[in-house]
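Student: Sequence plus the predicted model coming up.
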Amino acid sequence: MPFSVLFVCMGNICRSPTAHGVFRQYLNDAGLSHIVSVDSAGTHAYHIGEEPDKRSQQHALKRGYDLSDLTARQIKAQDFEEYDVVLVMDWDNYAIAEKLAPRHHQHKLKRLTEFCRNISASVVPDPYYKGDEGFEEVLDIIEDACDGLLEHIQARLQ
């Protein structure tokens, strides 16, 4: 594939699979799913092999994003070889991913919120203990950032 994106959060059950599902849909809608690949991973091994948190799935589905086929995995150093950009959700996971990234691939590591166009957020907050409002806030930020990311990739592919 000409371009590849990896979304990363702590456990790969809430934020990164949500971003994965949202961006996958954006790529499908833009006719780019055959050109851009997308995946997600976690910095911690807590949930390897598990599906996304049910609340993430429910809130995403309300907005038309299906996360049911995704399973959690842990990020590995090889991911920095395979993906063009590695987008983390917050500073803690950025620091963990940065230690894992080979020096010559550090430039691939960014926060997803760097692509936000309308929402001013430095991180995508962990919704795990925040109830429905937390999951909705995550979706709002992720949708905004994925709009900007799609625009960035489209410009790069031209």
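Tutor: Ah, there it is.
Student: which residues does the nearest residue in space to Leu109 that is not next to it in sequence contact?
Tutor: With sequence-adjacent residues excluded and distances taken as C-beta to C-beta, 6 or more residues apart in numbering, Leu109 is closest to Val86, at 5.1 Å. No exception for glycine: its C-beta is placed from N, CA and C like everyone else's. By C-beta atoms under 8 Å, 6 or more residues apart in numbering, the residues touching Val86 are 6, 8, 75, 79-80, 97, 101, 108-110.
Student: What subset of those is buried?
Tutor: 6, 8, 75, 79-80, 97, 101, 108-109 (16 or more other C-beta atoms under 10 Å).
Student: Among these, name the ones in strands.
Tutor: 6, 8, 109 (DSSP state E).
Student: Look at the residue lying closest to the first one once chain neighbours are set aside and report its pLDDT.
Tutor: Of all residues not flanking Leu6 in the chain, Tyr83 sits nearest, at 4.2 Å (C-beta to C-beta, 6+ apart). The predicted local confidence for Tyr83 comes out at a pLDDT of 98.
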